[in-house]
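Asks: Here is my input; please provide its structure:
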Amino acid sequence: MAIGQTGTKRRDWVAAGGQFEYRVLTIPRSTSRADARRMLTEQAEYGRWELARSVIYVGGERKVWLRRKTLRVRSTLAETS
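Replies: Numbers count the residues shown, from 1 in each chain. Reported below is the predicted structural model:
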């Protein structure tokens, strides 16, 4: 992949109306690491979410930001003559 290709694709995607949709999950400290991983895997597989950020607080609570791409589709009905 050449340098700058990624930026060009992103710029084109943003120009086409692309944005991210975010979901914030708070996972209590009582949830095991395996259960948290299983829950995030299900979100990724079925909801098409990807991990954007995660934070583990001192008390053991976890906060996870998931994101997925959304693309606004322009109507072509008004353009037909």
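Asks: hey, let's count contacts and neighbours off CA atoms from now on
Replies: OK.
Asks: Going by residue numbers, what spans are strands in the protein?
Replies: Using DSSP state E, the strands of the chain run over residues 18-27, 50-56, 62-71.
Asks: Just give me the residue right at the centre of the chain.
Replies: Residue closest to the mean C-alpha point of the chain, counted by C-alpha atoms, centre = their mean, is residue 67 at 1.4 Å.
Asks: List the contacts of the closest residue to it other than its chain neighbours.
Replies: On the basis of C-alpha to C-alpha, 6 or more residues apart in numbering, the spatially nearest residue to residue 67 that is not a chain neighbour turns out to be residue 22, at 4.4 Å. For residue 22, the contact set (C-alpha atoms under 8 Å, 6 or more residues apart in numbering) comprises 65, 66, 67, 68.
Asks: The first one contacts residue 49, doesn't it?
Replies: This points to residue 65. No. Taking contacts as C-alpha atoms under 8 Å, residue 65 lies outside contact range of residue 49: 9.6 Å.
Asks: More neighbours: these two, which one.
Replies: Ranked by neighbour count (other C-alpha atoms under 10 Å), residue 65 and residue 49 place residue 49 first, with 20 against 16.
Asks: how about that one, what does it touch?
Replies: Contacts of residue 49 (C-alpha under 8 Å, 6+ apart): 43, 66, 67, 68.
Asks: Residue 51 now?
Replies: Taking C-alpha under 8 Å, 6+ apart, one finds 64, 65, 66, 67 in contact with residue 51.
Asks: go again using 7 Å as the cut-off
Replies: 65, 66, 67 (C-alpha atoms under 7 Å, 6 or more residues apart in numbering).
Asks: and the gap between the second one and residue 59?
Replies: When C-alpha to C-alpha, to the nearest Å is the yardstick, residue 66 and residue 59 sit 22 Å from each other.
Asks: So between those two, which is more surrounded?
Replies: Set residue 66 next to residue 59 and count neighbours by other C-alpha under 10 Å: residue 66 wins out with 21 against 8.
Asks: Lovely, talk soon.
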